[in-house]
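> dropping the sequence and predicted coords here.
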Amino acid sequence: MTMKTRVALVTGGATGIGRATCVALAQRGIDEIHIGYSRSVDAAESLSAELRDLGAAAFPLRIDVSDREAVEEAAARMLQTSGGLDVLVNCAGTTRKIEFTDLAALTPDIWDEILGTNLLGAFWVCQAFAGALTERRGSIVNVSSISATRVVGSSMPYSVSKAALSQLTRALAVALAPAVRVNSVAPGTVVSGWHERLVGEADARAGFEAEAQLVPLGRLAGPAEIADAIASVALELGFMTGQELIVDGGKALRY
């Protein structure tokens, strides 16, 4: 990436791993960062101010990734003002807390919601920006999960969506080669508000403490550690494409 002004878009960028990724990209010298959000407008505005303090131009971008037409409209608006895109991070995601054994709870609406955001949403964004990324020989990082290859996680649709996202990463790496690198980062459990929103603060904290005992490194990651991996894959590993980097402190080794 040799453009004088390097531009990044992080979907789901206002909170959690997405927020930390925006900060990591700014710290690595990305000049212009677009913070994709669907509902967290206040968080996106607050983050914009923080990124500007780090020296990056920052712009909240409302984008419902599950809506293809909305994605195309948001992409057109962004590219009209920015002129291009160097880094795309697909971090937008959703889930429900449903036991894997509770098949009756998995309604068509739940499948549509989770697959529509986690899988199709990532594809719609990649599709909308493929031309711009090709022009600048850019990089895509999809945020997957270790639940893509293990029967774990918040729900079956979530796990399936992440498995499909991993395969989508490999397919796009071939489809967009040689101009665009496409990789994914698969976190283990991350200490963030994601789990607290799913199960409540007390249960989330108890779960964090119990799970940390299963991790070879003896603790769980915070959003910043996952963000560092995402930024490194996006910017620094120039001969890597179609790969998935697991960042879980070794947790998956013990399944």
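Right, received. Where do you want to start? Numbers count the residues shown, from 1 in each chain.
> can you pull out the strands in the stretch 101-250 of the chain?
139-143, 181-187, 244-247 (DSSP state E, counting those that start in this stretch).
> what lines up beside the first one in the sheet?
Strands adjacent to strand 139-143 in the sheet, as given by DSSP bridges, are strand 87-90 (parallel), strand 181-187 (parallel).
> next, Ile35: secondary structure please.
strand (DSSP: H, G, I helix; E, B strand; the rest coil).
> i'd like the first residue to be 42 from this point on
Yep, numbering from 42; the last one is Ile76 now.
> my guess is it contacts Ser89. True?
Yes - the pair Ile76 / Ser89 is scored as a contact, 6.4 Å apart, by Cβ atoms under 8 Å. C-betas here are computed from N, CA, C, even on glycine.
> spit out the residues that contact these two alike.
With contacts taken as Cβ atoms under 8 Å, 6 or more residues apart in numbering, Ile76 and Ser89 have 99-101 as neighbours in common.
> so where's this structure shaky on pLDDT?
42-45, 234-242, 244-245, 296 (pLDDT under 70).
> quick one, helices of it?
Shown for the chain, the helices assigned by DSSP state H span residues 57-68, 82-94, 109-123, 149-156, 163-176, 197-216, 234-240, 242-253, 264-276.
> coming back round to it: quick one, which of Ile76 and Ser89 is more surrounded?
Ile76 (31 against 20; other Cβ atoms under 10 Å).
> residues contacting the nearest residue to Ala268 once chain neighbours are set aside?
Leaving aside its sequence neighbours, Ala268 sits nearest to Ala61 (Cβ to Cβ, 6 or more residues apart in numbering; 3.6 Å). Ala61 makes contact with 263-265, 267-268, according to Cβ under 8 Å, 6+ apart.
> again, only this time at 7 Å
Ala61 is in contact with 264-265, 267-268, counting by Cβ atoms under 7 Å, 6 or more residues apart in numbering.
> among those, who's most crowded?
Ala268 (29 neighbours).
> phi, psi for Ser196 please.
For Ser196, the backbone dihedrals (degrees, to the nearest 10) come out as phi -170, psi 160.
> reformat the helices of the chain as CSV; add distance to Gly283.
Shown next, in CSV, are the helices of the chain (distance: least, Cβ to Cβ, whole Å):
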stretch, distance to Gly283
helix 57-68, 20
helix 82-94, 30
helix 109-123, 23
helix 149-156, 22
helix 163-176, 14
helix 197-216, 3
helix 234-240, 27
helix 242-253, 30
helix 264-276, 12
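> among those helices, which is nearest Ser225?
Of all those, it is helix 197-216 that lies closest to Ser225, at 4.3 Å by Cβ to Cβ.
> just say which of the strands paired with strand 180-184 is most tucked in.
strand 128-131 (a mean of 28; mean count of other Cβ atoms under 10 Å).
> which residues are in contact with that strand?
Against strand 128-131 from outside (Cβ under 7 Å, 6+ apart): 49-52, 62, 66, 71, 163, 166-167, 170, 174, 179-184, 271, 275.
> export the strands paired with strand 180-184 as TSV, with columns for distance to Lys203.
Compiled in TSV, those are given as follows (distance: least, Cβ to Cβ, whole Å):
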stretch	distance to Lys203
strand 128-131	12
strand 222-228	8
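> hmm, who's touching stretch 146-153?
137, 139, 197-198.
> ok, back up a step: okay, the helices of the chain, which one's buried deepest?
helix 57-68 (a mean of 26).
> can you give me the angle that one makes with strand 180-184?
Between helix 57-68 and strand 180-184, the angle comes out at 150 degrees (axes from the mean of the first three to the mean of the last three Cα atoms, to 10 degrees).
> sorry, back to before: among the helices of the chain, which comes closest to Pro228?
Nearest to Pro228, of the helices of the chain and by Cβ to Cβ, is helix 264-276 at 4.7 Å.
> name the helices or strands packed onto the closest one?
The helices and strands touching helix 264-276, judged by 3 or more Cβ pairs under 7 Å, 6 or more residues apart in numbering; DSSP states H and E, are helix 57-68, strand 128-131, strand 180-184, strand 222-228, strand 285-288.
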